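Undergrad: Fold the following, please.
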Amino acid sequence: MARASDTINGDPMDFETVIGLGERPIMKSHYPELRRQLNELERFRSLLNQIGEMIFVLSLPDCRIVDINDTTARLLCCEKGALIGKLFFGLVAEVPQTLHLQTALAGRDDDTELSPEIVQTRLAYHVDRPVIVELSLRRRQFDSADYGIVVARDVGAQLMAEQVANRANQRLVDAIESLPDAFAIYDADDRLALYNSKYLETYEKSRQAIQLGRTFEEILRAGVERGQYPQAIGREEAWVAERMAIHRDPHGEFELELSNGRWVLVRERRTQHGETVGERTDITELKHREHALIAANRRIEEQADDLRRFADDLREAHDRADAAREVAESANRAKSNFLAMMSHELRTPLNAIIGFAEMMTEGHFGALGNPHYEDYAASIRDSGQHLLSIINSILDLAKMEAGRYDVQDDAIDVADVIARTFVLLKPTAAQRGVEMVRCVDPGLPILTADQGLVDLVLTNLASNAVKFTPCGGKVSIAARRNRQRGVEIVVADTGIGMAADDIVRAMRPFEQVDQSMSRRFSGTGLGLPLVHFAVTLHGGTLGVESEPGQGTRFTVAFPPERVSAQTATDGLGDADNSGGPSAGCAGRRCPCNEALGMEWPVPPRAVCSG
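TA: Down below sits the predicted model:
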């Protein structure tokens, strides 16, 4: 066998140069053949080094490495000599997977390219660095010797890129699947490329047709045939054409009703690669609320129409009421004007009747001759006076209603007014068994008011109190300064009292609490209306507190502007001829307190009398 130091025509010669020559002696006659083989081997090696993939040359049948190219040494980070003589399949980690390759290499005797196999290998010198390669094997003869040529293409980067792409694709699929809305992608040929489970749930009747590779129109027509779209019933082809036109040129969004009563908002967009991305958002609840809102708006409009009609009716009724009120006011003014004008005509004959009756009763021109005539004359006088009182009340009320009553500003000592009223009614009260008491603040100022109206107020309130108080009861009259610095007069009784409805009725002219024909108490029903008008004309207020069986309390309050700075004289008034005030006042034990139903704040110098 040739030595590595041998040369041929001065050229160095190594083991690879003489591979396959065996133990034959090298003769000069063999030099041309040897040089031919050497040149062929060098061209072969040059060709191997130009290949960018790893090349292993194996001796057969033992499959030992006899040569590698530069690319193999560079990619495996080793010297060529480190692998020469090594068993090639000793480098392959998955030996069981490559046994059939060894068998194939050892068992074939012709130049045949074997099927590529993908195996994962590990180098003995770099066990921590797996290299994934695709092997391509071929048998070849050199100088009657069999060799195996193994091409190993590094596919690790490719497989890693594929794994990265697969993981990214899986993340995309998972992300689309987690979307709350239905989602689908149709490729440039309008075939279904990707969708999530929500897409299947949305189109229940089209479920069987929703398959990868099916066109949008095929899936759409399947849904139309199964009644998926209520809008398409009766006009299927026209509806499909309209829907396909929108799908081919998508813009904006639209609402779509499905056969199960659900509503979806459809949004479709085209990508720059011609794909169609579609989303379907369930808006059923929004549609229900929209329909409810529309129904509510319709009801509101109907109610508004009703309200407008009611307002029109109300305006008409108001206009009629205004007209009726105008007529009533006109009639009332006519009545009041008539009564005011008739004041002289009514009072003059009554005064004549009363005057002549008094003359006859008193016998100014001699006796009448028969005692009955005197009684008749007295009856005529009393009836005339009663009738005159009624007519005066009616005429005064008519004047007040017509606004023709002129209020006079007189300087009034309230104590004198109370004293006169007390003297006037005390005989009647004594006759009915009713006790009368009064309590007046001696420091009470002078009141600026109409003397006649103040007398009318006190007389009416006190006479009513006496009239409606049974035997054994009590009537109290009191006067003081109130918190507003005005003057307050209170008339209280322990009589029959009134209910709230009765108070309202009693304040209306010509009405009485007892409307029956057999009522116990007589009267025209003008007293309280006259009192109310009289107080109102002075800018004051009339308060009423009463309960059935608990008595009644009237409070007349004159405003501060009606109060003078001048103080009235202490005492009960000049009209009192009942013996004067009682000695001293009981203060909080004043008999007025019990009758008034409250602790009347009687000052130490207040004058009380019974």
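
Undergrad: From now on I want contacts and neighbour counts done on CA atoms only, so please keep to that.
TA: OK.

Undergrad: Alpha carbons of stretch 468-475, in CSV - could you do that?
TA: Output in CSV follows, covering the C-alpha atoms of stretch 468-475 (Å, rounded to 0.1, in the frame of the first residue of the first chain):
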residue,chain,number,x,y,z
PHE,A,468,-125.4,78.8,69.7
THR,A,469,-124.4,78.4,73.3
PRO,A,470,-126.8,76.3,75.4
CYS,A,471,-127.9,77.1,79.0
GLY,A,472,-125.0,76.9,81.4
GLY,A,473,-122.4,77.7,78.7
LYS,A,474,-120.0,80.6,78.5
VAL,A,475,-119.2,83.3,76.0
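
Undergrad: Contacts for that stretch next, please.
TA: For stretch 468-475, contacts defined as Cα atoms under 8 Å, 6 or more residues apart in numbering pick out 432-437, 462, 465-466, 491-497, 521, 551, 595.

Undergrad: again with stretch 51-59
TA: So stretch 51-59 is contacted by 48, 64-69, 71-72, 75, 88, 146-154 (Cα under 8 Å, 6+ apart).

Undergrad: Would you indicate which residues of that stretch are buried?
TA: Buried residues in stretch 51-59, defined by neighbour count with 16 or more other Cα atoms under 10 Å: Glu53, Met54, Ile55, Phe56, Val57, Leu58, Ser59.

Undergrad: Out of those, which is nearest to Ala324?
TA: Glu53 (117.0 Å; Cα to Cα).

Undergrad: how much space between the closest one and Phe44?
TA: 15 Å (Cα to Cα, to the nearest Å).

Undergrad: before we move on, what about Ser197?
TA: 60 Å.

Undergrad: quick one, which of these two is more surrounded?
TA: Each of Ser197 and Phe44 has its neighbours counted (other Cα atoms under 10 Å); Ser197 has more, 15 against 11.

Undergrad: out of everything not next to it in sequence, what's closest to that one?
TA: Among residues not flanking Ser197 along the chain, Glu177 sits closest, at 6.6 Å (Cα to Cα, 6 or more residues apart in numbering).

Undergrad: can you tell me which residues contact the one you found?
TA: Neighbours of Glu177 in contact, by Cα under 8 Å, 6+ apart: Tyr195, Asn196, Ser197, Lys198.

Undergrad: phi, psi of it?
TA: phi -70, psi -30 (degrees, to the nearest 10).

Undergrad: Where does the prediction get shaky in the stretch 401-550 of the chain?
TA: 401-404, 509-526 (pLDDT under 70).

Undergrad: What pairs with the helix or strand hosting Asp146, parallel or antiparallel?
TA: Assigned by DSSP states H and E, Asp146 falls within strand 145-154. With DSSP bridges as the test, strand 145-154 is paired with strand 54-59 (antiparallel), strand 126-142 (antiparallel).

Undergrad: Show me what the helix or strand that the shortest one is followed by is packed up against.
TA: So that's strand 54-59. Where DSSP H and E defines the elements, the next helix or strand beyond strand 54-59 is strand 64-68. Applying 3 or more Cα pairs under 8 Å, 6 or more residues apart in numbering; DSSP states H and E, we find strand 64-68 packed against strand 54-59.

Undergrad: how big is the angle separating the strand it packs on from strand 64-68?
TA: Angle of strand 54-59 versus strand 64-68, following axes from the mean of the first three to the mean of the last three Cα atoms, to 10 degrees, is 140 degrees.

Undergrad: Please look at Leu537 and Val407 and confirm they touch.
TA: Yes: between Leu537 and Val407 there is a contact under Cα atoms under 8 Å: 7.3 Å.

Undergrad: So which residues of the stretch 201-350 of the chain form strands?
TA: Secondary structure of the stretch 201-350 of the chain, counting by DSSP state E, counting those that start in this stretch: strands at 253-257, 263-270, 276-282.

Undergrad: Sheet-wise, list the partners of the first one with their directions.
TA: Neighbouring strands of strand 253-257 in its sheet, by DSSP bridges, are strand 263-270 (antiparallel).

Undergrad: quick one: buried residues of the strand it pairs with?
TA: Buried-residue list, strand 263-270, by 16+ other Cα under 10 Å: Trp263, Val264, Leu265, Val266, Arg267, Glu268, Arg269, Arg270.

Undergrad: Now do the contacts for the third one.
TA: This points to Leu265. Leu265 touches Glu253, Phe254, Glu255, Leu256, Glu279, Arg280, Thr281, Asp282, Ile283, counting by Cα under 8 Å, 6+ apart.

Undergrad: In ChimeraX, how would I pick out whichever of these are buried, leaving the exposed ones unselected?
TA: In ChimeraX, this line selects whichever of those come out buried by 16+ other Cα under 10 Å:
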select :256,279,280,281,282,283
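
Undergrad: now, among the contacts of Leu265, which is nearest to Ala222?
TA: Closest to Ala222, out of all of the contacts of Leu265 and judged by Cα to Cα, is Leu256, at 16.5 Å.

Undergrad: list the contacts for the closest one?
TA: Trp263, Val264, Leu265, Val266.

Undergrad: please redo it, this time with the cut-off set to 10 Å
TA: Tyr229, Pro230, Gln231, Arg262, Trp263, Val264, Leu265, Val266, Arg280, Asp282, Ile283 (Cα atoms under 10 Å, 6 or more residues apart in numbering).

Undergrad: same thing with Gln50?
TA: Asn69, Asp70, Thr71.

Undergrad: Surely the last one touches Asn49?
TA: Yes: here Thr71 reaches Asn49: they are 6.7 Å apart, a contact under Cα atoms under 10 Å.

Undergrad: give me the number of residues near the residue nearest to Ile55 when sequence neighbours are not counted?
TA: Spatially, and ignoring its direct neighbours in sequence, Ile55 is nearest to Val151 (4.8 Å; Cα to Cα, 6+ apart). By other Cα under 10 Å, the residues close to Val151 number 20.
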